[in-house]
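1. Next comes the sequence, and after it the predicted model I'd like to discuss.
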Amino acid sequence: MTAGRTPPRITSFLVKVASRCNLDCDYCYVYHHADQSWRSMPRLLAADTRTAFVTRLGDYLAEASIPRCTVIFHGGEPLLAGVETLVAFADQIRAATPSLVDIGLQTNGLLLTEEALQAFEAANISVSLSLDGPKAANDKHRTSNKGRSSFDKVAAALERLKEHPTIFAGVIAVIDPTTSAEDLLEFFSHHQVPKLDFLLPDAHHLRQPPGRSGQEDLYETWLCRAFDVWLHRYPHLSIRTFEALLDAVAGLPSGTDAFGLGDVSLISIETDGSYHDLDVLKVTRDGATKIGGGVADTPIATIAASDRLAAHRELLSKPGLSVTCQECDIVDICGGGSLPHRFGENGFNNPTVYCGEMTTLVGHVRSRVQDLLGQAAKPSETLATGFDFDAYELAECGSDAMAYLCQSSRKALTAEFVRATAQLVPEQSEQVRRLEATDPERLAEIAQQPGAVAWQRTLLAQAEGRMLHTVDGLPLKADGGYLDLLNGRTPTELTYLAVAVDDPWLRKPFGDAIYFEDEEASALARPVVEQAFDIIERWRPALAAEIRLACRAIQFVGDPLAHPEKIVSFSDNTVPGALYVSVWQGDRLIDPYDLADSLVHEHRHQKLYLLERLAPTVEPTQMRVVSPWREDLRPPSGLLHAVFVFVELRRFWAFVLKAGPARLHNRAMKQLRDTDEHLAEAFATLLTCPLTEAGRSLTGVLQKAAGLVAEAA
């Protein structure tokens, strides 16, 4: 492993419970590519090997402080191991670790009976189905050992799965461009699959994609057509491939190893208990996935620190890409493509064999997104002429500017709320119209509740045939029930800052990606919020008043994948006016000064969101820049947000150094030193970005504020 580099955190484990299969799919990377090690593997994962894995897993999760992981039962066909065995294995895994373990299986569906589904539902084992589409598409490649159709049995399994939505994880389909995109998407839309994952056929430079030799643009044409059909006719269908590409184009983590740079987080365990790297690397050469050791003799931590995984990690970083990729203008989106697809005579020092497809598709998606943005209606209101950016930036001078921005947002959210609730049943929509006529102030207070904003935007999306999703990819659905909760709130509940209230729509947008503290833990932590506000009030009363003006909710959160001691906070413009902060570090409450830092931090994001609603700060761009506070590249708007936040936090830690407790003296000095260094670097980068007139004005104000911190504090 590279000296001084922390080993990767392994959070996903693909466990081969069976090495054989009851289908003979002609593209399968296990049976029809370079690595044929399956022939020497035990047919099933033995009981003693399962026990050894469970022990290793429990030890590793505890040692690495990993609060949540995923175990996928795989094969071959995992159901060949038997339903009772799989359920017992899942129970054994969960009993051996205090961590939260998500367990699923990937199946071809031939053995997926109703009894099996009931057992998996009781055991909380999710099921993903392999199915390439309607009968004509599926039977091109997914046939029995005797070449017989598998479709009827798999289609029956699909129907049964649909009756168990709590464990139906989705469908994986391999693309065959001789099947029309229209037929494929119509089929999956008709069956209302919760998530669909399109895979390109596994190929590399020594084994070209099937069918492409006779038509170079075969896959390019199909992918662009499929994207257009999805965008215009089936946006309610969650297709991970396209959603990940949209995220990557927007500069967000893509959620798939097919796009974007990343890190190693998964290992495989074969039926003999041996440890292996990414399973699909079997397409490259014999033995490509072997790491060394097995569950009987080697801890998982040793595997995580192995040279083999270190080499894999390097290939997922920009320096690990070929020179061609490093110099490409879409490298931060494509990331060189899926690693197995980069393989050739010189190893992985190549662009993906699907480079042309990626380049064309990324360009196509960019063009479509820009077209849609260009067609979008302009805001009904823009920033007032002569807006005072100097006054806006500093709370002591910016009360008028903030009141103007908050009132503008209030009017827009109220109008949006009325439009959204018009989609409800007549009794409820009429109720809102009556409130609009008799008590518009109360309606406005309801409409600007952060949870109400997330709810009403989901309602509007549904009415337009679009599907919004949680952070972890699950579909968001809204109904009229939440309106009753909003109507039941008292005037005080509507206007005061709600702390750790169990509001479903403050939490739904984040799915299971974020952990929310229960009431018992929240009750213990609420006094720390009061202490944090006392600190802010003592430091700058105007800022405390500004936070209460712009924000309506504080939620207590944790990150299931972060170290328990890590302080987590975030805000999101899908729930404007909500601050999400962690209040526990391990088994102790957070320091009030750290919580004050988090509250100020997230409020500054919300404050800038209010401005950006009326005045974008960055011109449309695909540019990505280095942020001193982040490891990943950021869009210029993200860097401007960071600067806006840390100029204020620089003031806070100057106050802590001067008037805070002695225990924080050294910490404050370090915070100030690091922030000064990071701000200087950030401003140098920000001034090279395509800022709007508002962005340039605000950046100038922030530069002055950073240079006069001592006076401002």
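-> Thanks, I have it.
2. which residues in the stretch 151-300 of the chain form helices?
-> 151-162, 181-190, 218-233, 240-249, 300-304 (DSSP state H, counting those that start in this stretch).
3. Nearest to Arg489 among the ones you listed would be which one?
-> helix 240-249 (34.2 Å; Cβ to Cβ). Yep, even glycine has a C-beta here, placed from its N, CA and C like the rest.
4. What angle do helix 218-233 and the closest one make with each other?
-> Angle, helix 240-249 to helix 218-233, by axes from the mean of the first three to the mean of the last three Cα atoms, to 10 degrees: 90 degrees.
5. Next, format the helices of the stretch 151-300 of the chain as TSV and append mean pLDDT and mean neighbour count.
-> Formatted as TSV, the helices of the stretch 151-300 of the chain follow (pLDDT from 0 to 100; neighbours: other Cβ atoms under 10 Å):
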stretch	mean pLDDT	mean neighbour count
helix 151-162	95	18
helix 181-190	93	17
helix 218-233	91	18
helix 240-249	79	21
helix 300-304	97	20
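6. show me what contacts the nearest residue to Glu537 once chain neighbours are set aside?
-> Computed as Cβ to Cβ, 6 or more residues apart in numbering, the closest residue to Glu537 that is not its neighbour in sequence is Ala544, at 4.4 Å. Taking Cβ atoms under 8 Å, 6 or more residues apart in numbering, we find Ala544 in contact with 533, 536-537.
7. Rebuild the helices of the stretch 151-300 of the chain as TSV, extending it with distance to Leu549.
-> Supplementary listing: the helices of the stretch 151-300 of the chain in TSV, determined by distance: least, Cβ to Cβ, whole Å:
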stretch	distance to Leu549
helix 151-162	48
helix 181-190	45
helix 218-233	39
helix 240-249	33
helix 300-304	47
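8. Quickly note the distance from the residue nearest to Glu537 to Ser189.
-> 51 Å (Cβ to Cβ, to the nearest Å).
9. rewinding a little: nearest to Cys355, out of the helices of the stretch 151-300 of the chain?
-> Of all the helices of the stretch 151-300 of the chain, helix 218-233 comes closest under Cβ to Cβ, at 10.6 Å.
10. which helices and strands does that closest one pack with?
-> With contacts taken as 3 or more Cβ pairs under 8 Å, 6 or more residues apart in numbering; DSSP states H and E, helix 218-233 sits against helix 181-190, helix 240-249, helix 355-375.
11. how much does the first one deviate in direction from helix 151-162?
-> Just to be clear, that refers to helix 181-190. Going by the same axes, to 10 degrees, helix 181-190 makes 40 degrees with helix 151-162.
12. who touches helix 181-190?
-> Residues contacting helix 181-190 (Cβ under 8 Å, 6+ apart): 133-134, 137, 171, 173, 196, 222, 225-226, 229-230, 233-234, 236-237.
13. The last one too?
-> By Cβ under 8 Å, 6+ apart, the list of residues contacting helix 355-375 from outside reads 200, 216-217, 219-220, 223-224, 227-228, 231, 242, 245-246, 248-249, 328, 330, 333-334, 337, 352, 620, 622.
14. and that helix, C-alpha only, in PDB?
-> C-alpha atoms of helix 355-375 as PDB (Å, rounded to 0.1, in the frame of the first residue of the first chain):
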ATOM      1  CA  CYS A 355     -14.800   6.000 -25.000                       C
ATOM      2  CA  GLY A 356     -16.600   7.100 -28.100                       C
ATOM      3  CA  GLU A 357     -19.900   6.100 -26.500                       C
ATOM      4  CA  MET A 358     -19.100   8.100 -23.300                       C
ATOM      5  CA  THR A 359     -17.900  11.100 -25.200                       C
ATOM      6  CA  THR A 360     -21.000  11.200 -27.400                       C
ATOM      7  CA  LEU A 361     -23.500  10.500 -24.600                       C
ATOM      8  CA  VAL A 362     -22.000  13.100 -22.300                       C
ATOM      9  CA  GLY A 363     -22.100  15.700 -25.000                       C
ATOM     10  CA  HIS A 364     -25.600  14.800 -25.900                       C
ATOM     11  CA  VAL A 365     -26.800  15.000 -22.200                       C
ATOM     12  CA  ARG A 366     -25.000  18.300 -21.800                       C
ATOM     13  CA  SER A 367     -26.800  19.700 -24.800                       C
ATOM     14  CA  ARG A 368     -30.200  18.400 -23.800                       C
ATOM     15  CA  VAL A 369     -29.800  19.800 -20.300                       C
ATOM     16  CA  GLN A 370     -28.700  23.200 -21.600                       C
ATOM     17  CA  ASP A 371     -31.700  23.200 -24.000                       C
ATOM     18  CA  LEU A 372     -34.100  22.500 -21.200                       C
ATOM     19  CA  LEU A 373     -32.500  25.200 -19.000                       C
ATOM     20  CA  GLY A 374     -32.800  27.600 -21.900                       C
ATOM     21  CA  GLN A 375     -36.400  26.800 -22.300                       C
END
